[in-house]
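Peer 1: need a structure here:
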Amino acid sequence: MLTVFLKHDQSRPLGELKAQLARQGFYKTFPPAGVEVVSWNIMMGIGQVVTLRLPASRLAEVNLALENTAWGTYRTEFYPTYDFKAIALAEQNKANQSLTTQ
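Peer 2: Down below sits the predicted model:
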């Protein structure tokens, strides 16, 4: 998964930012087809936070989509992650089993 912070330029009015996104084709391009949007939230005072699910082989494609359509409106930060839940639960079960056998 990939979490993207889209930090908006607070020195410009929202209407101007939206117009620039439209001119640059942001919503036509991002996210690329076939990339799953897990969540897309507004973070007041910061901008937007988008979490995507995609194979690592498509990271460059997502990056280019943002470089070509979001720059100038947003500053971007990227946080690649992976789902650790199953591993953590297995470790918890293993730890709990060792407690009951002692």
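Peer 1: Just say helix, strand or coil for Glu91.
Peer 2: helix (DSSP: H, G, I helix; E, B strand; the rest coil).
Peer 1: In contact with it, which residues are there?
Peer 2: Contacts of Glu91 were listed using CB atoms under 8 Å, 6 or more residues apart in numbering, and none were found. Using the backbone N, CA and C atoms, a C-beta is placed for each residue, glycine as well.
Peer 1: let's see 10 Å
Peer 2: Neighbouring residues of Glu91 by CB atoms under 10 Å, 6 or more residues apart in numbering: Phe84.
Peer 1: please renumber so the chain begins at 43
Peer 2: OK, 43 is where the count begins now, so the last one is Glu133.
Peer 1: Model confidence at it, what's the number?
Peer 2: pLDDT for Glu133: 94.
Peer 1: show me where pLDDT drops low in the protein?
Peer 2: The model of the chain has pLDDT under 70 over residues 144.
Peer 1: now the helices for it?
Peer 2: Secondary structure of the chain, counting by DSSP state H: helices at 56-66, 68-71, 101-111, 127-142.
Peer 1: what distance separates the second one from the centre of its chain?
Peer 2: Distance, stretch centre to chain centre, for helix 68-71: 15 Å (CA atoms, centre = their mean, to the nearest Å).
Peer 1: CA-only coordinates of stretch 58-78 in PDB, if you can.
Peer 2: Output of stretch 58-78 as PDB, limited to C-alpha atoms (Å, rounded to 0.1, in the frame of the first residue of the first chain):
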ATOM      1  CA  GLU A  58      -7.500  28.700  -7.900                       C
ATOM      2  CA  LEU A  59      -6.100  25.400  -6.800                       C
ATOM      3  CA  LYS A  60      -9.100  23.500  -8.100                       C
ATOM      4  CA  ALA A  61      -8.800  25.300 -11.500                       C
ATOM      5  CA  GLN A  62      -5.200  24.300 -11.700                       C
ATOM      6  CA  LEU A  63      -6.000  20.700 -10.900                       C
ATOM      7  CA  ALA A  64      -8.600  20.700 -13.700                       C
ATOM      8  CA  ARG A  65      -6.200  22.200 -16.200                       C
ATOM      9  CA  GLN A  66      -3.500  19.600 -15.400                       C
ATOM     10  CA  GLY A  67      -6.000  16.700 -15.600                       C
ATOM     11  CA  PHE A  68      -5.500  15.600 -12.000                       C
ATOM     12  CA  TYR A  69      -8.800  13.700 -11.600                       C
ATOM     13  CA  LYS A  70      -8.500  12.100 -15.000                       C
ATOM     14  CA  THR A  71      -5.000  10.800 -14.300                       C
ATOM     15  CA  PHE A  72      -4.800  10.100 -10.500                       C
ATOM     16  CA  PRO A  73      -5.000   7.400  -9.400                       C
ATOM     17  CA  PRO A  74      -4.000   5.400 -12.500                       C
ATOM     18  CA  ALA A  75      -6.500   2.900 -13.800                       C
ATOM     19  CA  GLY A  76      -6.400  -0.400 -11.800                       C
ATOM     20  CA  VAL A  77      -4.900   1.200  -8.600                       C
ATOM     21  CA  GLU A  78      -7.300   0.700  -5.700                       C
END
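Peer 1: Fine, thanks again, bye for now.
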